[in-house]
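**Student:** Provided below for reference: sequence and predicted model.
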Amino acid sequence: MLIKKILLFTALILLTVMAFAQAQKNIQRSWIKVSIEDLSGKVTEPDTLYTRYTFHKSGLNISFYPGWDDYKMSWEVSDNSVKIGFDTYAIETLNDSVLVLFLDGFRRIKFMAEDYLSSQEKYLSSLGEYNGRSLYKANQSITPRFTGKDNFRNFIQKSVEGYNINRGSYFLATFIITEEGRVENIKIIHGISEGFDREITKQLLVTSKKWRPALFQGKPIQTEMFYDIKYLDSLAPGRLN
């Protein structure tokens, strides 16, 4: 009888360890928020902001831009929950395509796996060809990603900090990330000044080969991205995309 109890206890421990290891493995990917439910009881506006959680062994990247990461936090899986920073979320659903996190009295967030979304043809937006290869428009589901160690926005704009920018100025450029991760075909759609535009172009070119190309069904594709800077009336840069 004692031996049976020991074997049962050992089996339960093994199952717990296996479940923990599986959760650790399944969660380590990029997840894109698709819905959020406010549980605080307050009336809030719909949250339509792009949000991506990328879990790595070394940390969690939280980003509000498809093409690059913004903030890094710690995370830890325990039982059926995940601790992100100082908050512990219950894991309601975790499989190959869906992650649902729940924080009692605060919110419930549903994510879809980025690799699941990027395998769906409905998210492909063709722009024709570039250098004999198909070219697509980067979007929230199918996008290249900057892999450099620097904060992308800070790196791109560090060389134009001394420029005298008029209130309400707007800068817009497009560029292509090739299947090899190169930056090519930069076009200034809406410039600010010759010098300003030249510096931004130079910085974008420096990031060449520091991009993971966009993937469709696991294969690299060429995509066109855009980068903009919105200077508000306070002369502080607005949201960049």
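**Tutor:** That came in fine, so what should we check first?
**Student:** Which strands or helices does the helix or strand hosting residue 109 pack on?
**Tutor:** Counting by DSSP states H and E, the element that carries residue 109 is strand 107-113. When contacts are defined as 3 or more C-beta pairs under 8 Å, 6 or more residues apart in numbering; DSSP states H and E, strand 107-113 packs onto strand 30-38, strand 87-94, strand 98-103. The C-beta positions use only the backbone N, C-alpha and C, and glycine is treated the same way.
**Student:** Could you rerun that using 10 Å?
**Tutor:** Contacting strand 107-113 under the criterion 3 or more C-beta pairs under 10 Å, 6 or more residues apart in numbering; DSSP states H and E are the following elements: strand 30-38, strand 52-56, strand 87-94, strand 98-103.
**Student:** Start from the N-terminal end of this structure and give the helices.
**Tutor:** 2-27, 114-117, 152-157, 194-206 (DSSP state H).
**Student:** quick one: contacts of the third one?
**Tutor:** For helix 152-157, contacts defined as C-beta atoms under 10 Å, 6 or more residues apart in numbering pick out 63, 65, 67-70, 145-146, 148-151, 161, 163, 171, 173, 199-200, 202-204, 206-207, 210-211, 227, 229, 237, 239-240.
**Student:** do stretch 93-104 as well
**Tutor:** By C-beta under 10 Å, 6+ apart, the surrounding residues in contact with stretch 93-104 are 22-23, 26-27, 29, 31-37, 39, 53, 55, 77, 80-82, 84, 87-92, 107-113, 115-117, 119.
**Student:** ends of it, how far apart?
**Tutor:** Using C-alpha to C-alpha, to the nearest Å, one end of stretch 93-104 lies 15 Å from the other.
**Student:** ditto for stretch 207-217
**Tutor:** With C-alpha to C-alpha as the measure, stretch 207-217 spans 25 Å from end to end.
**Student:** so for that stretch, what's the average pLDDT?
**Tutor:** The predicted model assigns stretch 207-217 a mean pLDDT of 97.
**Student:** Over to stretch 32-46?
**Tutor:** 85.
**Student:** same deal with stretch 76-92?
**Tutor:** pLDDT averaged over stretch 76-92 gives 93.
**Student:** got the buried residues for it?
**Tutor:** The neighbour-count check on stretch 76-92 (16 or more other C-beta atoms under 10 Å) flags 77, 81, 82, 84, 89, 91 as buried.
**Student:** May I have it exported as PDB, CA atoms only?
**Tutor:** Below are the C-alpha coordinates for stretch 76-92, written out as PDB (Å, rounded to 0.1, in the frame of the first residue of the first chain):
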ATOM      1  CA  GLU A  76       8.200  33.400 -14.900                       C
ATOM      2  CA  VAL A  77       5.700  30.500 -15.300                       C
ATOM      3  CA  SER A  78       4.400  28.800 -12.100                       C
ATOM      4  CA  ASP A  79       1.600  26.200 -12.100                       C
ATOM      5  CA  ASN A  80      -1.100  27.700 -14.300                       C
ATOM      6  CA  SER A  81       0.000  31.300 -14.100                       C
ATOM      7  CA  VAL A  82       2.700  33.600 -15.400                       C
ATOM      8  CA  LYS A  83       4.300  36.400 -13.500                       C
ATOM      9  CA  ILE A  84       5.100  39.500 -15.700                       C
ATOM     10  CA  GLY A  85       7.000  42.100 -13.800                       C
ATOM     11  CA  PHE A  86       5.000  42.500 -10.500                       C
ATOM     12  CA  ASP A  87       1.700  41.100 -11.800                       C
ATOM     13  CA  THR A  88       0.700  37.500 -11.800                       C
ATOM     14  CA  TYR A  89      -1.800  36.400 -14.600                       C
ATOM     15  CA  ALA A  90      -3.700  33.200 -14.600                       C
ATOM     16  CA  ILE A  91      -3.200  31.300 -17.800                       C
ATOM     17  CA  GLU A  92      -6.700  30.400 -19.000                       C
END
